[in-house]
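**Q** pasting a predicted model and its sequence here:
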Amino acid sequence: MNNGDYGTVSAIANERADIGITLSSTPTGRRDIFYRACVDPSFGYTHFHIPSQRSPLWTEDMELRAKAEFTQQEYEHEVLAEFGTEEMGVFNKDDVDFAQRQLFYTYEPLNKLQERALEGKQQPLFMLYDKKHNAPQSLIRTVGVDEIPTCV
């Protein structure tokens, strides 16, 4: 199912407390609804992680064949049942996720729309780096991104 299908099913399940939803899939690198349901406790799901090696039918020959046939990323998804790195995009999704958890900062003053959106909320740290103010050597810097985050 795609994300829109999940929204439809979820709306039906929210009609009564005795209606439940069970999600099951092979993890991929996509950060879609299945990924979010597995990693975000606010969704309320119980997460079961079952790699292929836990099957009583799994053999050493199956392991060797899987390692020979699959790419490393396919092996992570299909055999180890790991989400791995997001498959789409120019930048490594794990690095982007890490960067998004860092300081809330800006290099430019906020515009009026951004100021209104952040009224009463945490304000970003303003970092002025120019010829007179060099950036510290230890900071992580991002050259580009696939997605532009929105101010909430």
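**A** Yes, it's here. Only a predicted model underlies this, so the values are computations on that prediction, with no experimental measurement involved. Numbering: from 1, shown residues only.

**Q** residue ranges for the helices of the chain, please.
**A** Remark: helices assigned in the chain by DSSP state H are 3-13, 33-39, 60-69, 72-78, 93-100, 112-117.

**Q** among those helices, which gets the worst mean confidence?
**A** Per-segment mean pLDDT for the helices of the chain reaches its minimum on helix 93-100, at a mean of 69.

**Q** quick revisit: out of the helices of the chain, nearest to residue 127?
**A** Residue 127 sits nearest to helix 93-100 of all those, at 14.6 Å, using C-beta to C-beta. C-beta here means a position set from N, CA and C on the backbone, and glycine is covered the same way.

**Q** take the helices of the chain and lay them out in TSV including distance to residue 46 and mean neighbour count.
**A** Shown next, in TSV, are the helices of the chain (distance: least, C-beta to C-beta, whole Å; neighbours: other C-beta atoms under 10 Å):
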stretch	distance to residue 46	mean neighbour count
helix 3-13	15	12
helix 33-39	10	16
helix 60-69	27	11
helix 72-78	21	16
helix 93-100	23	14
helix 112-117	35	11
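
**Q** can you tell me which of those helices is nearest to residue 134?
**A** helix 93-100 (21.0 Å).

**Q** kindly state the domain boundaries assigned to the protein.
**A** 3-78, 92-152 (automatic domain parsing).

**Q** residue 26: which of the helices of the chain is closest?
**A** helix 72-78 (5.9 Å).

**Q** contacts for the closest one?
**A** Contacts of helix 72-78 with the rest of the structure, by C-beta atoms under 8 Å, 6 or more residues apart in numbering, involve 26-29, 52, 66-67, 70, 82-85, 87.

**Q** how far off centre is that helix?
**A** Taking C-alpha atoms, centre = their mean, to the nearest Å, the mean C-alpha location of helix 72-78 is offset from the chain mean by 17 Å.

**Q** returning to what we had before: from the contacts of helix 72-78, which shows the smallest pLDDT?
**A** In terms of pLDDT, residue 87 ranks lowest among these, with 58.

**Q** look up how far residue 124 lies from the residue lying farthest from the centre of the chain.
**A** Within the chain, residue 132 marks the point farthest from the mean C-alpha position, 37.4 Å out by C-alpha atoms, centre = their mean. For residue 132, the distance to residue 124 equals 21 Å [C-beta to C-beta, to the nearest Å].

**Q** what are the phi and psi angles of the residue farthest from the centre of the chain?
**A** When quoted as degrees, to the nearest 10, the phi and psi of residue 132 stand at phi -90, psi -20.

**Q** right, I'll leave it there.
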